[in-house]
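Asker: return atomic coordinates for the entry below.
(one chain, ligands or ions: 2)
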Amino acid sequence: MTTDSSNTNPTEDFSQCHVEIIKNFQQLKQLGESDISDPVQPDIQALADKLVRFYHDVVLIHHQEEEQELFSVVIDCASPGDELDRAKAMVQRLTKEHRSLEKQWKKIEADIKKLAKGKSVSLDKAAIIKMADIYLLHANYEEDEFLPLSSEILKDTGMSSLGLTLHMRHDSIKVPTYI
Ligand SMILES: [Fe+2]
Ligand SMILES: [Fe+2]
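Answerer: Ligands and ions are numbered 1, 2, ... in the order given. Reported below is the predicted structural model:
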């Protein structure tokens, strides 16, 4: 994927945001729908290993970067009144969702780590599928609602593509894949 968005309207690229993140949460959902054998199928073991590393190397860092680099700048630059109120409400919602998703991951991580070591487990399939679905909704909301607003708020600051840059950054990170 190109990271040079200088010739394109950032809003046109929002659909490209979260590409790797969405792919990984779709795969998490597939893992939750899988029947685990004993011994664990090698492809399931490799997928579990990849998902655990992706969560720590990309997802957690992405949350921190959004909160520390993007959300605070958007709030600082929003015009008092309706725009600031909307931005604050969205940032509050997204930050709350980050904490909630991190809690949900903690509940399923031990089992996924066991799978990554090849140990058969009885997965809490419902919890895995639910977390994946909620993450995908979170990513969609950011792309459809928050990133366009942040681009609008930052348009005169020279940082209009900050949200986009931050979301593109991880698309180029290659977490080794085995499947
Ligand atoms: Fe987020
Ligand atoms: Fe994001």
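
Asker: pull the contacting residues for the residue minimising distance to the centre of the chain.
Answerer: Taking C-alpha atoms, centre = their mean as the criterion, Ile21 is the residue nearest the geometric centre of the chain, at 4.7 Å. Ile21 is in contact with 58-59, 62, 135, 139, 170, counting by C-beta atoms under 8 Å, 6 or more residues apart in numbering. Bear in mind the C-beta positions are built from the backbone N, C-alpha and C, glycine included.

Asker: a markdown table for the residues you listed, including secondary structure?
Answerer: Below are the contacts of Ile21 laid out as a markdown table (DSSP: H, G, I helix; E, B strand; the rest coil):
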| residue | secondary structure |
| --- | --- |
| Val58 | helix |
| Val59 | helix |
| His62 | helix |
| Tyr135 | helix |
| Ala139 | helix |
| His170 | helix |
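
Asker: which member of these is positioned nearest Ser34?
Answerer: For the contacts of Ile21, the closest approach to Ser34 (C-beta to C-beta) belongs to Tyr135, at 17.9 Å.

Asker: what's the burial count for the closest residue to that closest one other than its chain neighbours?
Answerer: Using C-beta to C-beta, 6 or more residues apart in numbering and skipping the chain neighbours, the partner closest in space to Tyr135 is Phe25 (4.5 Å). Applying the criterion other C-beta atoms under 10 Å, we find 24 residues in the vicinity of Phe25.

Asker: can you give me the pLDDT of Phe25?
Answerer: What the model reports as pLDDT for Phe25 is 97.

Asker: of the contacts of Ile21, closest to Gln30?
Answerer: Tyr135 (13.6 Å).

Asker: over to Ser34. Which of the three states is it?
Answerer: Quick answer, by three-state DSSP: Ser34 is coil.

Asker: from Glu145, how far out is the nearest residue to it once chain neighbours are set aside?
Answerer: Take Ser34 and drop its neighbours on the chain: the residue closest to it by C-beta to C-beta, 6+ apart is Ile44, 6.0 Å away. Distance of Ile44 to Glu145, given as C-beta to C-beta, to the nearest Å: 35 Å.

Asker: more neighbours: which of those two?
Answerer: Neighbours were counted for Ile44 and for Glu145 using other C-beta under 10 Å; Ile44 has more, 21 against 14.
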